[in-house]
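1. here is my input; please provide its structure:
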Amino acid sequence: MNTSLFATIDIIKKYFTMDDVDRIVRKAISLAILIIVFMITKKILHIILERSFETSLKFSKYRKGRKETIKKLIENTIDYSLYFILIYSILTILGVPISSLLAGAGIAGVAIGLGAQGFLSDLVNGFFIIFEQQFDVGDSVSINDITGNITSVGLRTTQIKGFDGTLHFIPNRSITIVSNLSRFESRATIDIPLYLTADLDKVKQIIEEVNAKEIPKDEDIVKEPYIVGPQVSDNGRFTYRINLYTKNGQQFGVYHKFYTLYQAALITNGIPLPTVTISHTQA
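-> Predicted coordinates for the structure are as follows:
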C-alpha cells in the first residue's frame, strides 16, 4: 500500500510542481465555496419571495392563478440571473478568457447567436403572455392543438398538463393562438325527454323544487339556472330544457348529477318519460 502511495506521489511530482498543486487545490476550494454560496443564496431568495407573496397586501388582491404566475416569473428571473453569475464565476476561476473566447468564436458564435435569437423570442413572447394575462397557472386552455391545464408559466416555456396526464412543454415563441376556457363559466344544457301529453306546469314545478333543494348544496354551480322550457329538437324529439351554469370544466359532472335528479323526481311524481336517448350539449 505504501509503495502505491509513493508511486502516486512520484507521478504527481513528475508532472506537477508544488505551485501547480497549490493552484489546483485553491481553485477546487474556490469552486466548492462558490457552489455552496450559490445554493444558499438561491434558497434564501426563494424563501424571501415565498414569504413576500404570503404577506403582501398588494398580491393578496390577485386570484390564486395570477399570484402563482407572477411568482413563477420572478423565480425564473432570479434563477436565470444566478445561473449566469455562477457560470461566469466558474469560468473566471478556471482562468478561461471569456472576452477573448466570445470575440473569436467565429462559426460557433453564429450558432450561439441563432440560439440566442430563439431564446430572446421566447422571453419577449413570454413577457407579453404574462403582461396581457392571456392565461395563468390553473387555467384550462387550448394551445397548438394541445388542451389541458396550465401548470407553469415561465419566460421561456409554458407547461400544460393534458387531460390524459401528459405534461407538455411549449416554447413561448410557438404560442400564436390561445383559447382560454377558464375566464367565463361553463354551461350544462340538460334536455329531458317528454311525451307531448305531459303536464308542463307540473314538470316546471318539479324542476324548480329539485333546483331549490339541490343547487345550494352544489359548489360547482355559480349562478341561478335558466329554465328554457319545452323544446323540439331538429330530429323532432320533444324535450324540456334546463341550463345550469357551472365552474369551468365542471359542466359534465353537473349534467349527469342533475339529469339523474330531474329524471327520478319526474318519475316519482307521476310524469312518464320516453325510453329514448337524448343528446346533450355542454359549453
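2. how is the protein partitioned into domains?
-> Domains of the chain are assigned by automatic domain parsing as 2-104, 186-282.
3. so what's His249 up against?
-> Careful, residue 249 is Gly; it's not His. Shown in contact with Gly249 (CB atoms under 8 Å, 6 or more residues apart in numbering): 140, 181-182, 186. C-beta coordinates here come from the backbone N, C-alpha and C atoms, glycine included.
4. that older thread, turn the domains of the chain into CSV, columns for mean pLDDT and distance to Ile170.
-> Formatted as CSV, the domains of the chain follow (pLDDT from 0 to 100; distance: least, CB to CB, whole Å):
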stretch, mean pLDDT, distance to Ile170
domain 2-104, 72, 15
domain 186-282, 86, 20
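5. tell me which of those lies nearest to His168.
-> Nearest to His168 among the domains of the chain is domain 2-104 (16.4 Å), distances taken as CB to CB.
6. re the thing from before, please list only the buried members of the contacts of Gly249.
-> 140, 181-182, 186 (16 or more other CB atoms under 10 Å).
7. between these, which is nearest Asp218?
-> Closest approach between the buried ones among the contacts of Gly249 and Asp218, by CB to CB: Ser186, at 13.5 Å.
8. for that closest one, give me phi and psi.
-> Dihedral pair for Ser186: phi -90, psi 170, per degrees, to the nearest 10.
9. any idea how far it lies from Asn144?
-> Taking CB to CB, to the nearest Å as the measure, Ser186 and Asn144 are separated by 22 Å.
10. cool, and Ile70?
-> If you measure Ile70 against Asn144 using CB to CB, the figure is 24 Å.
11. show me which of these two is the more surrounded one.
-> When Ile70 and Asn144 are compared for neighbours, Ile70 comes out ahead with 17 against 13, by other CB atoms under 10 Å.
12. my guess is the more buried one contacts Ile130. True?
-> Yes: if you go by CB atoms under 8 Å, Ile70 and Ile130 touch, sitting 7.5 Å apart.
13. ok, which stretches of the chain are helices?
-> Listed in chain order, the helices of the chain (DSSP state H) span 2-15, 18-55, 57-60, 64-93, 98-103, 107-131, 200-214, 251-268.
14. and the second one, what other elements does it pack with?
-> Where contact means 3 or more CB pairs under 8 Å, 6 or more residues apart in numbering; DSSP states H and E, helix 18-55 is packed against helix 64-93.
15. got the angle for the helix it packs on vs helix 18-55?
-> Following axes from the mean of the first three to the mean of the last three CA atoms, to 10 degrees, one obtains 170 degrees for the angle between helix 64-93 and helix 18-55.
16. buried set for helix 64-93?
-> Counting neighbours by 16+ other CB under 10 Å, helix 64-93 gives 65-73, 75-76, 78, 86, 89-90, 93 as buried.
17. which among those residues gets closest to Ile207?
-> Checking the buried residues of helix 64-93 against Ile207 with CB to CB, the nearest one is Gly65 at 34.5 Å.
18. now the strands for the stretch 101-250 of the chain?
-> For the stretch 101-250 of the chain, the strands defined by DSSP state E, counting those that start in this stretch occupy 140-143, 146-153, 157-162, 167-171, 178-180, 186-193, 226-232, 238-246.
19. need the CA coordinates for the last one. PDB is fine.
-> Read that as strand 238-246. Provided in PDB are the C-alpha atoms of strand 238-246 (Å, rounded to 0.1, in the frame of the first residue of the first chain):
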ATOM      1  CA  PHE A 238     -90.000  16.800 -27.600                       C
ATOM      2  CA  THR A 239     -87.900  17.800 -24.600                       C
ATOM      3  CA  TYR A 240     -87.800  20.100 -21.600                       C
ATOM      4  CA  ARG A 241     -84.600  22.200 -21.400                       C
ATOM      5  CA  ILE A 242     -82.700  23.500 -18.300                       C
ATOM      6  CA  ASN A 243     -79.400  25.400 -18.500                       C
ATOM      7  CA  LEU A 244     -77.100  25.200 -15.500                       C
ATOM      8  CA  TYR A 245     -74.100  27.400 -15.200                       C
ATOM      9  CA  THR A 246     -71.000  25.900 -13.600                       C
END
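20. show me what it is in contact with.
-> For strand 238-246, contacts defined as CB under 8 Å, 6+ apart pick out 185-196, 198, 200, 203, 207, 220-233, 251, 254-255, 258, 262, 278.
21. again, only using 6 Å
-> With CB atoms under 6 Å, 6 or more residues apart in numbering as the test, strand 238-246 has contacts from 185-194, 196, 203, 220-223, 225-228, 230-232, 254.
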